[in-house]
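> Give me a 3D structure for the following:
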Amino acid sequence: MQDENGLEQATFAAGCFWGVEAAFRRVKGVVETWVGYTGGNVPEPTHEEVCSGSTGHAEAVRIIFDPRIVSYDQLLGVFWDIHDPTQVNRQGPDIGTNYRSAIFYHNDDQKRKALASRDRVQQSPRMKGKKIATEIVPAGPFWKAEDYHQQFYEKSGWGYAARPKYWE
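Here you go, the predicted structure:
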């Protein structure tokens with residue numbers, strides 16, 4: 001569903017939101033990003049609450065994109081490439097339900113495309129018999145994370161080294 005400017009939104013969770021946001025911010029056609037919390041049961045959670053595992057939220061990135069420049073399918077491609085979707089409730093050293101892999105779809109078209117992309121990746125040789133653990137669920141309330149988490153790598157001066165593709 002497009003807004004009055006023809007822009008759309010997408011929401012992905014793929015581990016710690018700092019790196020996920022940095023990866024999507026590099027995609028031409030991504031207009032804006034926010035890191036935050038979604039998929040849980042507590043309104044306006046704090047980072048500490050989310051990391052405790054008691055709220056059910058995932059660390060996620062809300063993306064505003066221009067579909068005339070980048071398609072939702074292309075964003076799904078980035079999503080699958082920047083993390084290991086076979087890990088349950090973790091990414092690398094980050095462990096907990098807040099680090100789970102999830103696609104939060106905003107409409108039926110996104111749901112259809114997310115499911116189709118998951119099936120393509122699952123059937124690809126790069127899966128090597130592993131099973132995708134990524135949740136594909138409706139987008140719900142998105143609570144923007146604290147300001148110091150927004151565009152963390154840009155603000156901190158740490159830079160961002162792109163994560164290697166897990167599939168090579």
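> which parts of the longest helix seen in the chain are buried?
Using DSSP state H, we find that the single longest helix of the chain is helix 108-123. Within helix 108-123, the residues that qualify as buried are Q110, K111, K113, A114, S117, R118, V121, counting by 16 or more other Cβ atoms under 10 Å. C-betas here are computed from N, CA, C, even on glycine.
> In TSV: these, plus distance to P67 and pLDDT.
Formatted as TSV, these follow (distance: Cβ to Cβ, whole Å; pLDDT from 0 to 100):
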residue	distance to P67	pLDDT
Q110	11	98
K111	16	98
K113	12	98
A114	15	98
S117	16	97
R118	20	97
V121	21	95
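> rewinding a little: for the longest helix of the chain, give me every contacting residue.
10, 72-73, 76-77, 80, 85, 103, 105, 127, 131-132, 134, 136, 138 (Cβ atoms under 8 Å, 6 or more residues apart in numbering).
> From the residues you listed, which one has the minimum pLDDT?
The member of the contacts of helix 108-123 with the lowest pLDDT is M127, at 87.
> And that one, how far from V88?
15 Å (Cβ to Cβ, to the nearest Å).
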